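Undergrad: Give me a model of this one.
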Amino acid sequence: MAQFLKVPTTSAAGVVGETLIPISHIGGMVATNTGAAAAAITTLVITTDTSATSLYTVVVSAPIVAPATVATRQADMLASFSAALTANPGGVVSTVVPPLTTAQAPLAQGGGTANGRGPQGNIVVTAPAVRSTFVSAIFTP
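TA: Below is the predicted model of the structure:
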């Protein structure tokens, strides 16, 4: 397990930054949502074991695009951080990948060739995957 989680952020104004969270001091994580439907903002609060009031607040941007829901975005946010916690064993930094907003769209794979299995080889992607961005990662002592 790495020693730090790196949370890359990009604000609405285009300011790019990153926050390093020491893994050894993570006491727990809770994801919540404010707002509804596509405009919901998902927030992850990471409590630390150093004091009852010390925490990191990480906010991921809207929109939530169907078929995702507010509940799945919340679960995806927790899954992103959980995956980063177990990634990079023996390393120093593990980067958190933001939740997926829109999955990539491959070209439809149907029959139509002589063997009935569709095209072979490379699969053409008609729309790339789009990920949300973390808009802030703030530490409150």
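Undergrad: CA only for contacts and neighbour counts going forward, please
TA: Will do.
Undergrad: Let me see the ranges of the strands in this protein.
TA: 4-10, 16-22, 26-34, 41-48, 55-60, 93-95, 100-102, 105-106, 125-127, 130-131, 134-140 (DSSP state E).
Undergrad: And the contacts of the longest one?
TA: In other words, strand 26-34. Strand 26-34 has contacts (C-alpha atoms under 8 Å, 6 or more residues apart in numbering) with 40-49, 70, 74-75, 77-78.
Undergrad: Apply 10 Å and report the result again.
TA: 40-52, 55-60, 70-71, 73-78, 81-82 (C-alpha atoms under 10 Å, 6 or more residues apart in numbering).
Undergrad: Need the buried ones from these selected in PyMOL.
TA: A single PyMOL command is used to select the members of those judged buried by 16 or more other C-alpha atoms under 10 Å:
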select buried, resi 40+41+42+43+44+45+46+47+48+55+56+57+58+59+60+70+73+74+75+76+77+78+81
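Undergrad: Show me the shaky parts of this protein.
TA: Low-confidence segments of the chain, defined by pLDDT under 70: 109-121.
Undergrad: Mind doing that once more with 90?
TA: Along the chain, the model assigns pLDDT under 90 to residues 1-2, 10-16, 33-41, 49-53, 60-73, 86-91, 99-133, 141.
Undergrad: in it, which residue is closest to the centre?
TA: residue 98 (2.2 Å; C-alpha atoms, centre = their mean).
Undergrad: Please tell me I have it right and that residue contacts residue 74.
TA: No. Using C-alpha atoms under 10 Å, residue 98 is not in contact with residue 74; the gap is 11.5 Å.
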